[in-house]
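K.L.:
okay, here's the prediction I keep looking at, along with the sequence it came from:
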Amino acid sequence: MNITAKTIETDFALVDIINNYMVVTINDGVDFGQSEIAQIQQIANEYLSGPMGYISNHINDYSISPVHVVKFVLANPRLKHIAYVSKVGDHKSRLMALLSLIPSNVQFRTFRNMDAAVVWIEESVKIEAEKLDAISEN
């Protein structure tokens, strides 16, 4: 069920809020830093509740420090699943460095196409929400 509930255009990215996840497409040439992380954090807090997923739609050329990604992950305890979508395979070394920094309770996967990432995120967030529902019922 891939229905965009809200599209938010910032000066640095396009953010689609869909169900309990966000798809972020950072603009070409952006130096994605702490202020951009804070804006994404604010959007997540405003529009998403419960366990959430994040899809990075890497179609443009931009820079981001792994430290900023880790800060975002740590500041979002509801963030349980991250998908990185890129048709270009030259990001492997950067992704491996990032993977070593992300807490083990957050699942991180890479994809070559958006459809596969969406299926994984939707299924993963749904399972996480069902786990929380089961715990709250007991």
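P.N.:
Happy to help now that I have it.
K.L.:
which strand or helix spans D133?
P.N.:
According to DSSP states H and E, D133 maps onto helix 114-137.
K.L.:
please enumerate the helices of the protein.
P.N.:
34-47, 66-75, 92-99, 114-137 (DSSP state H).
K.L.:
what's the closest of those to Y21?
P.N.:
Shortest distance between Y21 and the helices of the chain, using Cβ to Cβ, is found for helix 114-137: 4.9 Å. Bear in mind the C-beta positions are built from the backbone N, C-alpha and C, glycine included.
K.L.:
the closest one - contacts with which helices or strands?
P.N.:
Judged by 3 or more Cβ pairs under 8 Å, 6 or more residues apart in numbering; DSSP states H and E, the packing partners of helix 114-137 are strand 21-26, strand 52-57, strand 79-85, strand 107-111.
K.L.:
could you rerun that using 7 Å?
P.N.:
Helix 114-137 sits against strand 52-57, strand 79-85, strand 107-111, with contacts defined as 3 or more Cβ pairs under 7 Å, 6 or more residues apart in numbering; DSSP states H and E.
K.L.:
the first one to helix 114-137, inter-axis angle?
P.N.:
Going back to what we said before, that points to strand 52-57. Interaxial angle, strand 52-57 versus helix 114-137 (axes from the mean of the first three to the mean of the last three Cα atoms, to 10 degrees): 170 degrees.
K.L.:
list the helices and strands strand 52-57 packs on?
P.N.:
Applying 3+ Cβ pairs under 7 Å, 6+ apart, one finds that strand 52-57 contacts strand 21-26, strand 79-85, helix 114-137.
K.L.:
for S104, which of these is the nearest?
P.N.:
Nearest to S104 among these is strand 79-85 (11.6 Å), distances taken as Cβ to Cβ.
K.L.:
now that closest one - C-alpha only, PDB.
P.N.:
Output of strand 79-85 as PDB, limited to C-alpha atoms (Å, rounded to 0.1, in the frame of the first residue of the first chain):
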ATOM      1  CA  LEU A  79      13.700   4.500  13.600                       C
ATOM      2  CA  LYS A  80      14.100   0.700  13.100                       C
ATOM      3  CA  HIS A  81      14.800   0.300   9.300                       C
ATOM      4  CA  ILE A  82      16.900   2.200   6.800                       C
ATOM      5  CA  ALA A  83      17.000   1.500   3.100                       C
ATOM      6  CA  TYR A  84      19.600   3.000   0.800                       C
ATOM      7  CA  VAL A  85      18.600   3.100  -2.900                       C
END
